[in-house]
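J.: Got a sequence here, can you model it:
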Amino acid sequence: MGSRTNTPAPAGTWRLGDLTVNRVGFGAMRLTGTTPFGDGVPRDRDRSIGVLRRAVELGVNHIDTAAFYFSATRSANELINRALAPYPEELVITTKVWPGRDPSGAWWWASPAQLRGQVEENLRQLGRDHLDVVNLRVPPSERTGSIGEHFGALAELRDAGLIRHLGISNVTSEQLTEARAIAPVVCVQNPYGIGAASEERALLRLCGELGIAFVPFFAIAGAGREAGPVAADSEAVCAVARAHGVSTAQVRLAWTLQQGPHVLAIPGTSDPDHLAQNMAAGALRLSEEEMARLTSPRPAVAQGSRSKI
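T.: Numbers count the residues shown, from 1 in each chain. Below is the predicted model:
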């Protein structure tokens with residue numbers, strides 16, 4: 001891999017259980033193709049491997065991935081394994097289970113008994129004997145249901161040594177309470193960014209009170225979700241970007257990080273230049289007035305732009 005650059009973490013660090021991570025990490029979803037879960041063009045393999053290695057050189061020690069991040073010829077987990085194994089001791093890899101995709105790309109949802117197979121699939125692809133953090137990714141249809149059976153199954157795999165720490169994703173505050181009654185929760189991974197709804201802001205605050213990492217996804221994409229960044233940023237975002245001489249994506253990341261010291265960012269990209277910009281956003285400080293200007297009610301999400309998972 002070459003030597004690692006000991007780059008300071010301008011945004012600071014937080015702990016996932018007993019694991020310390022820099023607050024700006026890396027999301028692997030966009031490494032595999034122009035359309036993460038569709039018929040897009042596969043990414044250049046060497047370029048994706050290079051981006052992963054450069055991310056670690058720039059100080060990333062928290063990578064978010066999943067076995068269902070794959071295109072026709074690319075697998076995010078395989079790319080991570082190829083780029084970074086043998087893994088640096090301080091590197092934390094987080095994955096997620098419950099959703100799955102069959103070889104044709106069709107989605108399916110695991111039963112509690114099938115979660116072990118999904119965990120073992122991640123272990124094989126990553127070349128690990130245990131997973132640092134596994135998030136239980138809750139289906140949209142279960143946002144108001146119980147997650148106890150599934151989270152309990154993951155807790156058993158944690159007790160068996162296959163998993164070090166547990167998190168939950170796409171959840172409500174009630175589901176967080178339910179999960180914490182079963183086993184410790186080190187992180188909550190939910191959609192969050194400029195324009196977040198009041199219930200999402202409340203969950204972020206609750207995580208801070210409990211000392212749990214809050215890991216927003218779609219912080220840059222916003223309503224665009226898997227499709228990528230929103231087509232047009234608000235004038236407020238553009239004005240703040242112009243004032244600092246940075247991109248609107250950097251403003252969105254900086255705003256998100258300033259929601260609390262327990263907030264971690266996992267922006268994803270396959271572009272080395274965008275990677276450098278994302279990392280630089282950790283050092284961008286917005287004023288209280290700028291933060292207030294950017295905090296506004298969430299715009300309506302267009303039908304069809306909702307997350308598949």
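J.: Could you list the low-pLDDT ranges of this structure?
T.: Applying pLDDT under 70 to the chain flags the ranges 1-8, 222-232, 296-308.
J.: Tell me where it has helices.
T.: In the chain, the segments counted as helices under DSSP state H are 45-57, 76-84, 115-126, 148-159, 173-180, 198-210, 235-244, 248-257, 272-280, 288-294.
J.: Please look at Thr95 and Leu136 and confirm they touch.
T.: No: at 10.9 Å, Thr95 and Leu136 do not qualify as touching, with contact defined as C-beta atoms under 8 Å. Bear in mind the C-beta positions are built from the backbone N, C-alpha and C, glycine included.
J.: Those two: which is more packed in?
T.: Ranked by neighbour count (other C-beta atoms under 10 Å), Thr95 and Leu136 place Thr95 first, with 31 against 25.
J.: Tell me which residues touch the more buried one, please.
T.: The contact partners of Thr95, by C-beta atoms under 8 Å, 6 or more residues apart in numbering, come to 64-67, 77, 122, 126, 131, 133-135.
J.: Present the helices of the chain as JSON lines; the columns should include distance to Pro191.
T.: Listed next are the helices of the chain as JSON lines, based on distance: least, C-beta to C-beta, whole Å:
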{"stretch": "helix 45-57", "distance to Pro191": "22"}
{"stretch": "helix 76-84", "distance to Pro191": "19"}
{"stretch": "helix 115-126", "distance to Pro191": "22"}
{"stretch": "helix 148-159", "distance to Pro191": "20"}
{"stretch": "helix 173-180", "distance to Pro191": "15"}
{"stretch": "helix 198-210", "distance to Pro191": "7"}
{"stretch": "helix 235-244", "distance to Pro191": "17"}
{"stretch": "helix 248-257", "distance to Pro191": "11"}
{"stretch": "helix 272-280", "distance to Pro191": "18"}
{"stretch": "helix 288-294", "distance to Pro191": "17"}
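J.: Format those helices as TSV; extra columns: mean neighbour count.
T.: Converted to TSV, the helices of the chain look like this (neighbours: other C-beta atoms under 10 Å):
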stretch	mean neighbour count
helix 45-57	18
helix 76-84	22
helix 115-126	19
helix 148-159	18
helix 173-180	17
helix 198-210	15
helix 235-244	16
helix 248-257	24
helix 272-280	18
helix 288-294	14
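J.: out of the ones you listed, nearest to Leu19?
T.: Ranking the helices of the chain by proximity to Leu19 (C-beta to C-beta) places helix 148-159 first, at 13.9 Å.
J.: Also compute the angle for that closest one relative to helix 115-126, please.
T.: Orientation of helix 148-159 against helix 115-126 (axes from the mean of the first three to the mean of the last three C-alpha atoms, to 10 degrees) gives an angle of 50 degrees.
J.: Quick one: distance of helix 148-159 to the chain centre.
T.: Here helix 148-159 is found 21 Å from its chain centre; the criterion is C-alpha atoms, centre = their mean, to the nearest Å.
J.: circling back: do you know which of the helices of the chain lies nearest Ser104?
T.: Distance to Ser104, taken as C-beta to C-beta, is lowest for helix 115-126 among those, at 16.2 Å.
J.: residues in contact with Ile212?
T.: By C-beta under 8 Å, 6+ apart, the contact list for Ile212 reads 176, 185-188, 262.
J.: Contacts only, for the residue nearest to Arg53 when sequence neighbours are not counted.
T.: Leaving aside its sequence neighbours, Arg53 sits nearest to Ala83 (C-beta to C-beta, 6 or more residues apart in numbering; 5.3 Å). For Ala83, the contact set (C-beta under 8 Å, 6+ apart) comprises 1, 48-50, 52-53.
J.: Many thanks, have a good one.
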